[in-house]
Each structure stands twice: as C-alpha cells, then as structure tokens.
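Undergrad: When you get a sec, could you give me coordinates for this:
(3 chains)
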Amino acid sequence: MEAVGWTDDRVALLRRLWEDGQSASKIAAQLGGVTRNAVIGKVHRLGLAGRARGGEEATAAAAPSKTVEIETAIAVVETQAPEPVAILSHRPTPEFPAPKPAPAPTALAVSQRVTIMDLRESMCRWPLGDPTTPEFRFCGARSITGLPYCTHHAEIAYQPAAERKRDRRVASFR
DNA sequence: CCCTGATTCGC
DNA sequence: GCGAATCAGG
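TA: Model prediction:
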C-alpha cells in the first residue's frame, strides 16, 4: 500500500537524526521501509555525509537528546504501527511503566524492554507504554525471522479478525 | 559476528 | 534520484 519514499517530513526526520549523531541503521529502523544503505545514500545526496561525528569515525555515537528520542519514538509508532491489527481498540497504557534499570545479569532475558536507540533489526518492535513519555520502550525480544515481532507479540498482532472481535487481549500493550 | 559509513552503478 | 551491492574498516 504505502509507497512512502522521501517525503518532506521523512527527510526532515532523517536530517535531524543524522545531525543528532544517529547511525544510518538506527535511522533506517526508525523511519521504517528503508535500509541503512538507502539512508546513507540519501544522506550523501543531501550533502550532509561524513559529518557530525566526534573525531574521525568515533564509534560511540553521542547520546541523543531526550527531545529527539521522544519525538522519534512517536514517529515510529505513527509510521510502524502493527499492520495486521488495527490500533483503534487500544491506547498506550496510561500507567507509568515501572522503571527497570538493571534486569538480571545471568541468563539471557527473553524480555529486554529496549529504548528506540537500542532497537535492532532482529528485535521485537512491539511498543510498550506511552510513546510521549521517556519511559517508552519496545519489547526488544528476539523477533521471528521475517516478522517485526517476537513470538509472543506476533500472536497478539496476527490474531484472526474473527477471534479478535470477542477477545480483549489486545486492549493494551503489555 | 556484530557493527560503522563510502562508493559505485543499474535502474 | 534512488538504493542494493559492495567495499573498507572498527
């Protein structure tokens, strides 16, 4: 359906994220529908390549500003809302997602709860919490190859319309 | 293996 | 103009 492409606001977002020091892959993930190559290509065409980085090619990217972080989180929700399931029935949980700084050191946790900055291609994009708050996170668990969600959230996202109708499990992002 | 940006070149 | 493939590197 959506052919998208480099619309004005997508370019604007790209500009801000790039200038904010974000890597091409992170930006691509946030924009959705494009690869990091596309982002890099666009960056070059826009004439803002090879800049913003600290020294030569500092690996540690500068921490993004809270503002950018939140704005992009919202952008993600708007542009990458789960397709199979309409979002009309649920809203971001009003409650504050309890801050969970240090999980467990041992064993790989199945549930990561990552910020937009740590969300990778292979991670579940299921949104957790209110995108307008700094506490907003994504599931982050290992996603099913080819799908944007982990097994748990894929089940929720891809429920058949018939069952979904009387099943309220989708009432909120959890 | 994870990742980074840079460049080329067919479309 | 676009971006996959590729390159070069951390």
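
Undergrad: what about A:Ile116, neighbour count?
TA: A count of nearby residues for A:Ile116, using other CB atoms under 10 Å, gives 25. (Each C-beta comes from the backbone N, C-alpha and C, glycine too.)

Undergrad: Do I have it right that it meets A:Gln30?
TA: Yes. Using CB atoms under 8 Å, A:Ile116 is in contact with A:Gln30, at 6.5 Å.

Undergrad: how is chain A carved up into domains?
TA: Chain A resolves into domains spanning A:1-62, A:73-174 when parsed by automatic domain parsing.

Undergrad: quick one: average pLDDT of the first one?
TA: Averaged over domain A:1-62, pLDDT sits at 79.

Undergrad: now check that domain, is it near DNA strand B?
TA: Yes. Domain A:1-62 reaches DNA strand B (CB under 7 Å from any atom of the strand) through A:22-26, A:36-37, A:40-41, A:43-44, A:49-50, A:53, A:57, A:59.

Undergrad: Need the max-distance pair from those.
TA: Checked with CB to CB, the residues of domain A:1-62 next to DNA strand B reach their widest spread between A:Gly41 and A:Thr59, with 21.9 Å between them.

Undergrad: If you count surrounding residues, which of those two has more?
TA: Neighbour totals were compared for A:Gly41 and A:Thr59, and A:Gly41 leads with 14 against 7 (other CB under 10 Å).

Undergrad: Now the more buried one: which helix or strand?
TA: Per DSSP states H and E, A:Gly41 falls inside helix A:36-45.

Undergrad: Tell me which other helices or strands that helix touches.
TA: Applying 3 or more CB pairs under 8 Å, 6 or more residues apart in numbering; DSSP states H and E, one finds that helix A:36-45 makes contact with helix A:8-19, helix A:24-31.
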